[in-house]
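Undergrad: For reference, the sequence and a predicted model appear below.
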Amino acid sequence: MTERLFYLDTETTGISSQSHTIVEIAIVDDSGRALLNTHHD
C-alpha cells in the first residue's frame, strides 16, 4: 500500500484564537495538486 501525504495551509488574520479568524484554507497532495483552495482574487 502506497502512503499519500496531504498538506494543510491556513491563512489567518492574526495569532489569537479569541480575536482572529481563518481567511483561507488550502489542501495540497504530495504531487502538488490543489485539492482545496479557498483563496479568492
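TA: Everything's here; your move. Numbering: from 1, shown residues only.
Undergrad: Pull the residues that contact stretch 19-27.
TA: 6-14, 34-39 (CB atoms under 8 Å, 6 or more residues apart in numbering). Every C-beta, even on glycine, is put in place using the N, C-alpha and C of the backbone.
Undergrad: The same query, at a cut-off of 6 Å, please.
TA: Here stretch 19-27 makes contact (CB atoms under 6 Å, 6 or more residues apart in numbering) with 6, 8-14, 35-39.
Undergrad: Sort out which of those residues are in strands and list them.
TA: Per DSSP state E, strands hold the following members of the contacts of stretch 19-27: 6, 8-12, 35-37.
Undergrad: Now neighbour count too, for these, in a markdown table please.
TA: What follows is the ones in strands among the contacts of stretch 19-27, written out as a markdown table (neighbours: other CB atoms under 10 Å):
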| residue | neighbour count |
| --- | --- |
| 6 | 10 |
| 8 | 9 |
| 9 | 13 |
| 10 | 10 |
| 11 | 11 |
| 12 | 12 |
| 35 | 10 |
| 36 | 11 |
| 37 | 12 |
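Undergrad: export the contacts of stretch 19-27 to JSON lines and tack on pLDDT?
TA: Formatted as JSON lines, these follow (pLDDT from 0 to 100):
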{"residue": "6", "pLDDT": "97"}
{"residue": "8", "pLDDT": "97"}
{"residue": "9", "pLDDT": "96"}
{"residue": "10", "pLDDT": "95"}
{"residue": "11", "pLDDT": "95"}
{"residue": "12", "pLDDT": "94"}
{"residue": "13", "pLDDT": "94"}
{"residue": "14", "pLDDT": "95"}
{"residue": "35", "pLDDT": "97"}
{"residue": "36", "pLDDT": "97"}
{"residue": "37", "pLDDT": "96"}
{"residue": "38", "pLDDT": "96"}
{"residue": "39", "pLDDT": "89"}
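Undergrad: TSV for those, including distance to residue 27?
TA: Shown next, in TSV, are the contacts of stretch 19-27 (distance: CB to CB, whole Å):
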residue	distance to residue 27
6	6
8	6
9	8
10	10
11	13
12	16
13	20
14	22
35	5
36	4
37	8
38	10
39	12
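Undergrad: Could you count how many residues lie near residue 15?
TA: When counting by other CB atoms under 10 Å, one arrives at 7 neighbours for residue 15.
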